[in-house]
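Trainee: Whatever this is, show me its structure:
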Amino acid sequence: MNKLSNDYLARCKKALNAEQTHSLSTTKNWAHVNRELVHQDWDVLYKKLAVYADETTADNVNVQALIKEHFEIACRFYTPSKEAYIGMGIFYKENEDMKKFHNSYHPKMVDYLGDAIVHYAGNHL
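Mentor: Here you go, the predicted model:
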């Protein structure tokens, strides 16, 4: 995320907020989502991703395959735009509870995940 301008990062945060707010209001607060299954799937995914965090770049093909899975899980709520998906990575980093949760899998997870999301979004969304 370090390579993105502050203006662009601000637009990403704004996109996340707008898209989530719209989705929540049109889906009765994501009533269609099996949250227990989502959390189980993310738990499995983050455990796999943590293995790569120390020695593998975020743009690695195996890491990006896991980020594709991450995006697909996120899409169970709604399909975020490129900017909103990057905004999700920013949210993980800036929200203390989310940062603590993600870093419980690996001390650098939130930064690693954010970089991997930026790469994925830039190449696939």
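Trainee: buried stuff in the longest helix along the chain?
Mentor: Secondary structure assigned by DSSP state H gives helix 6-26 as the longest helix of the chain. For helix 6-26, the neighbour count (16 or more other Cβ atoms under 10 Å) marks 9, 11-13, 15-16, 19-20, 23 as buried. (Each C-beta comes from the backbone N, C-alpha and C, glycine too.)
Trainee: Now the next helix or strand after it: buried residues?
Mentor: Downstream of helix 6-26, the first helix or strand assigned by DSSP states H and E is helix 35-50. Buried residues in helix 35-50, counted by 16+ other Cβ under 10 Å: 41-42, 45-46, 49-50.
Trainee: Restricting to C-alpha, output the one helix or strand residue 118 maps to in PDB.
Mentor: Here residue 118, judged by DSSP H and E, is contained in helix 109-124. Extracted C-alpha coordinates of helix 109-124, given in PDB (Å, rounded to 0.1, in the frame of the first residue of the first chain):
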ATOM      1  CA  MET A 109      -0.500 -10.300   8.500                       C
ATOM      2  CA  VAL A 110      -2.400  -7.100   8.200                       C
ATOM      3  CA  ASP A 111       0.400  -5.400   6.200                       C
ATOM      4  CA  TYR A 112       1.000  -8.500   4.100                       C
ATOM      5  CA  LEU A 113      -2.600  -9.000   3.400                       C
ATOM      6  CA  GLY A 114      -3.000  -5.300   2.500                       C
ATOM      7  CA  ASP A 115      -0.100  -5.600   0.000                       C
ATOM      8  CA  ALA A 116      -1.500  -8.800  -1.500                       C
ATOM      9  CA  ILE A 117      -5.000  -7.200  -1.800                       C
ATOM     10  CA  VAL A 118      -3.500  -4.200  -3.600                       C
ATOM     11  CA  HIS A 119      -1.700  -6.500  -6.100                       C
ATOM     12  CA  TYR A 120      -4.700  -8.600  -6.600                       C
ATOM     13  CA  ALA A 121      -7.100  -5.700  -7.100                       C
ATOM     14  CA  GLY A 122      -4.700  -4.000  -9.500                       C
ATOM     15  CA  ASN A 123      -4.400  -7.000 -11.700                       C
ATOM     16  CA  HIS A 124      -7.900  -8.600 -11.500                       C
END
